[in-house]
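K.L.:
whatever this is, show me its structure:
(chains A, B, C and D)
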2 protein chains.
Amino acid sequence: MVDAANPAEPARKRKRVTIADIAERAGVTSGAVSLAVNGKPGVSDATRARILDVARELRWRPSHAAQTLMGKNSEAVGLVLARPAEVIGEEIFFSKFIAGVQSTLSGRGYSLMLQMAEDTAAECAIHQAWILDGRVDGILVLDPRIDDPRIEALASLDHPTIVVGGQTDERSVRSLHVDNGGAMRLIMDHLHGLGHDRVAYVTGDQAFRHISERMDAFSQFCVDHGVWGQSLAGNFDPERAREATARLAGAPRPPTAIVYDSEVMAIAGMSTLASLELRVPDDVSVLSWEDSTTCQVLHPTVTALSRDAVSLGRTAAAEILQLIAGEPVEQEDVETRVVQRESTGAPRR
Amino acid sequence: MVDAANPAEPARKRKRVTIADIAERAGVTSGAVSLAVNGKPGVSDATRARILDVARELRWRPSHAAQTLMGKNSEAVGLVLARPAEVIGEEIFFSKFIAGVQSTLSGRGYSLMLQMAEDTAAECAIHQAWILDGRVDGILVLDPRIDDPRIEALASLDHPTIVVGGQTDERSVRSLHVDNGGAMRLIMDHLHGLGHDRVAYVTGDQAFRHISERMDAFSQFCVDHGVWGQSLAGNFDPERAREATARLAGAPRPPTAIVYDSEVMAIAGMSTLASLELRVPDDVSVLSWEDSTTCQVLHPTVTALSRDAVSLGRTAAAEILQLIAGEPVEQEDVETRVVQRESTGAPRR
DNA sequence: CCGGATCACTGTAGCGCTTTAGTACCGCGT
DNA sequence: ACGCGGTACTAAAGCGCTACAGTGATCCGG
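P.N.:
Just a heads-up that it's a prediction; the model follows:
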């Protein structure tokens, strides 16, 4: 039954139903059909109803390609992930964020265009291709860097963009403000409140704007409150977090608390501490920036900064949709709080 | 219906470079340009080179919309996720799978179209819209069910489709075979080898084909090896896993080992066991279907079936690309093994 | 009773590209 | 000299849809 000569080539012959078919069936021209189905004035109510009936009967769907050729919206939002596949697969943040974005988007009939890129240059190229082709109506940018080339590039394309955790707020490139400084103060308040005055901060990639904001707030807090604060540069790699942890633990005067920039790093750090026979939180308190189920079930359970990445995704999606629609973009704060669990406690005197 | 007098409406005026521009500049017609840029015969080498030069100089990019209107490929693969946002955000499988898919896809310049759907009917509608609009060249289907309506619908659309873990192998709808039965035997061999003869299996959603395959293999093994085996229906919800675990633990003759269908369920189960003062693996062994960092760092560390969801995604992507290209689809097995950790041990006599 | 406004719809020109039919020109054998 | 087959290109017809200038027909006030 399947043709033998070329088994893999499907007979995708499905003759498309076009507005011309509807027009013929309804006894009007395609122009009238276009007006009718788009709810524009120019056809009588009776004719419109008849046309819509025929369209429904013929199960007509507008050709997306033809519409974007005419400059219509593509009903898709683009997101390029510029981190290695391993990190994305491991770090729960992405999956939650994407799930959040999706849940808002699909409620409005929008799709998400996803791609991974090696570096920022490749990401820019993808953005440009998508925009020029009208394949996406808006773009979501994650992990903005200091002086991020992507933002400049997107601004020059003048296309709706939401930078998650960015600063810029031009006409088309807006930011979803994330209060990293405030969150860091929340964390430090918690630790300082417990009595810690020697705190280390093992960071993600400092090139990221949000990380540098956190670092600034960290230093600031330490200076203001007389806390001995030390930050160690990482890059979200659990291996680096292990090394940093070991170095901190082996120092002449080790910190009494360590803050990690991600859940994966915090877990790696805790396992290192365990292997060094250091008890959490008795010998050292641990706090993770980013909460997850793992934090809840690990022994000891991990105190974490909970930001709800799903909500963050939802908010980002809502904002890009507003921007696309030309509505004023309502900034909405994502609830952030420190969930206290067993991994933090008062330092030993 | 966007009103005109809107300050946020960007002046997206960027005049597109078309083949007509190139034609004019190169002193030929647009038809010649089309032949030249598509590497088709009909233009002399000299003219072709000249045209390509101009195209490069003008930074021309083909209009995607116009091309798909002409029936060209869209260079995108579609994936609809039909599970609640919470599950997708929590279950590491999805994020790994998507990361894997992406890493193969973006290497070939393809994008992923992602959407979430409430139910199977909505998923079918999305598939149909995508296909009819030529927005995707192929579709990836996850979590096939027994007599899955999606597969039938897709088969009738005759569009390249890879069903991950499916059975069907028609012309256009192929399956990435996943040996669930074999994996279950691996698990049971491990447990049986340790001396367990009372094993419980807390399942995900039985409506899913892969889960039912696992259950069948489970029963089969138990019968063949004289193991008392009990499966309890779950639905990937950690709460359900907790209840099931409590019920099992409270039974007159509780099982000596419990297998969970997902990492999230296994973790929920272990925390329940801990709250019931049952020790793992002394009182009961625990095994998770699906490995993750959490399994490696939990106390005790969790023995898990490791399938490498990233590879699974890569393979699925490779297969759909082959199917789209009309090449023979090479079935490739994903390595599956039981990673033994602390949560499984010999049962107490 | 007529100019003008309004309505309901038609006809056609694109959007950017591919594709096919057609033209002009070249070299070649006879 | 003639026709023949190639080559190198042009011209034009779509793909499905929207936009916009018309075209009648109807309505209306003066």
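
K.L.:
got the contact list for whichever residue of the stretch 201-349 of chain A sits closest to DNA strand C?
P.N.:
Across the stretch 201-349 of chain A, no residue is closer to DNA strand C than A:Ile324, which sits at 20.6 Å (Cβ to the nearest atom of the strand). Every C-beta, even on glycine, is put in place using the N, C-alpha and C of the backbone. Counting by Cβ atoms under 8 Å, 6 or more residues apart in numbering or on different chains, A:Ile324 touches A:Asn73, A:Val77, A:Asp137, A:Gly138, A:Pro160.

K.L.:
from A:Cys222, how far out is A:Thr245?
P.N.:
Computed as Cβ to Cβ, to the nearest Å, the A:Thr245 to A:Cys222 distance reads 19 Å.

K.L.:
which strand or helix spans the residue of the stretch 201-349 of chain A closest to DNA strand C?
P.N.:
Per DSSP states H and E, A:Ile324 falls inside helix A:309-325.

K.L.:
so what's the gap between that helix and the chain middle?
P.N.:
On the basis of Cα atoms, centre = their mean, to the nearest Å, helix A:309-325 sits 10 Å off its chain's mean C-alpha point.

K.L.:
what's the answer for stretch A:165-181, then?
P.N.:
The answer for stretch A:165-181 is 13 Å, by Cα atoms, centre = their mean.

K.L.:
span of that stretch from start to end?
P.N.:
11 Å (Cα to Cα, to the nearest Å).

K.L.:
again, but for stretch A:290-303
P.N.:
Stretch A:290-303: ends 10 Å apart by Cα to Cα.

K.L.:
next, the buried residues of that stretch.
P.N.:
Within stretch A:290-303, the residues scored as buried using 16 or more other Cβ atoms under 10 Å in any protein chain shown are A:290-295, A:297-303.

K.L.:
does that stretch reach chain B?
P.N.:
Yes: Stretch A:290-303 is in contact with chain B by Cβ under 8 Å from any Cβ of the partner chain, via A:Thr293, A:Thr294, A:Val297, A:Leu298, A:His299.

K.L.:
alpha carbons of the helix holding A:Ile324, as PDB, please.
P.N.:
Extracted as PDB, the C-alpha positions of helix A:309-325 are listed here (Å, rounded to 0.1, in the frame of the first residue of the first chain):
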ATOM      1  CA  ALA A 309      10.800  30.400  38.600                       C
ATOM      2  CA  VAL A 310       7.500  29.200  37.200                       C
ATOM      3  CA  SER A 311       5.900  32.600  38.200                       C
ATOM      4  CA  LEU A 312       8.900  34.300  36.800                       C
ATOM      5  CA  GLY A 313       8.300  32.600  33.500                       C
ATOM      6  CA  ARG A 314       4.600  33.400  33.600                       C
ATOM      7  CA  THR A 315       5.400  37.100  34.300                       C
ATOM      8  CA  ALA A 316       7.900  37.300  31.500                       C
ATOM      9  CA  ALA A 317       5.500  35.800  29.100                       C
ATOM     10  CA  ALA A 318       2.700  38.100  30.200                       C
ATOM     11  CA  GLU A 319       5.000  41.100  29.800                       C
ATOM     12  CA  ILE A 320       6.200  40.200  26.300                       C
ATOM     13  CA  LEU A 321       2.600  39.600  25.300                       C
ATOM     14  CA  GLN A 322       1.700  43.100  26.500                       C
ATOM     15  CA  LEU A 323       4.600  44.600  24.700                       C
ATOM     16  CA  ILE A 324       3.600  42.800  21.500                       C
ATOM     17  CA  ALA A 325       0.000  43.900  21.800                       C
END
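
K.L.:
next SSE downstream of that helix?
P.N.:
Remark: after helix A:309-325, the chain's next helix or strand is strand A:337-339, criterion DSSP H and E.

K.L.:
want to throw the buried residues of stretch A:290-303 into TSV with pLDDT and distance to A:Met113?
P.N.:
Listed next are these as TSV, based on pLDDT from 0 to 100; distance: Cβ to Cβ, whole Å:
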residue	pLDDT	distance to A:Met113
A:Glu290	90	25
A:Asp291	90	29
A:Ser292	86	27
A:Thr293	82	29
A:Thr294	83	30
A:Cys295	89	32
A:Val297	81	35
A:Leu298	83	36
A:His299	81	41
A:Pro300	89	41
A:Thr301	92	38
A:Val302	95	35
A:Thr303	97	37
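
K.L.:
tell me which residues of the strand or helix carrying A:Ala244 are tucked away?
P.N.:
Element membership for A:Ala244, per DSSP H and E: helix A:238-250. For helix A:238-250, the neighbour count (16+ other Cβ under 10 Å) marks A:Pro238, A:Arg240, A:Ala241, A:Arg242, A:Glu243, A:Ala244, A:Thr245, A:Leu248, A:Ala249 as buried.

K.L.:
so what secondary structure elements neighbour that helix?
P.N.:
Other helices and strands packing on helix A:238-250, by 3 or more Cβ pairs under 8 Å, 6 or more residues apart in numbering or on different chains; DSSP states H and E, are strand A:198-202, strand A:228-232, strand A:257-260, helix A:263-275.

K.L.:
so what touches that helix?
P.N.:
Residues from elsewhere that reach helix A:238-250 (Cβ under 8 Å, 6+ apart): A:200, A:202, A:230, A:232, A:234, A:254-255, A:258, A:260, A:264-269, A:271-273, A:276, A:278, A:284, B:293.

K.L.:
try 6 Å this time
P.N.:
A:200, A:202, A:232, A:234, A:254-255, A:264-265, A:268-269, A:272, A:276, A:278 (Cβ atoms under 6 Å, 6 or more residues apart in numbering or on different chains).

K.L.:
could you tell me the angle between that helix and strand A:198-202?
P.N.:
160 degrees (axes from the mean of the first three to the mean of the last three Cα atoms, to 10 degrees).

K.L.:
and stretch A:73-83 with DNA strand C, contact?
P.N.:
No: shown here: stretch A:73-83 not in contact with DNA strand C (Cβ under 7 Å from any atom of the strand), separated by at least 14.5 Å.

K.L.:
can you show me the CA trace of that stretch as CSV?
P.N.:
Extracted C-alpha coordinates of stretch A:73-83, given in CSV (Å, rounded to 0.1, in the frame of the first residue of the first chain):
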residue,chain,number,x,y,z
ASN,A,73,1.9,38.4,13.7
SER,A,74,3.3,35.0,14.0
GLU,A,75,1.9,34.2,17.4
ALA,A,76,5.2,32.9,18.7
VAL,A,77,7.7,34.1,21.2
GLY,A,78,11.4,33.2,20.8
LEU,A,79,13.8,32.2,23.5
VAL,A,80,17.5,31.3,23.0
LEU,A,81,19.3,29.4,25.6
ALA,A,82,23.0,30.1,25.6
ARG,A,83,24.2,27.7,28.2
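
K.L.:
give me phi/psi at A:Met113?
P.N.:
In terms of degrees, to the nearest 10, the main-chain angles of A:Met113 are phi -100, psi 120.

K.L.:
that one pairs with what?
P.N.:
A:Gly78, B:Met113 (DSSP bridges).

K.L.:
counting neighbours, what do you get for A:Asp53?
P.N.:
The tally of other residues near A:Asp53 (other Cβ atoms under 10 Å in any protein chain shown) stands at 13.

K.L.:
and it, what helix or strand is that in?
P.N.:
Short version: A:Asp53 belongs to helix A:45-57, going by DSSP H and E.

K.L.:
right, is that helix up against DNA strand D?
P.N.:
No: contact of helix A:45-57 with DNA strand D (Cβ under 7 Å from any atom of the strand) is absent, the minimum separation being 9.4 Å.
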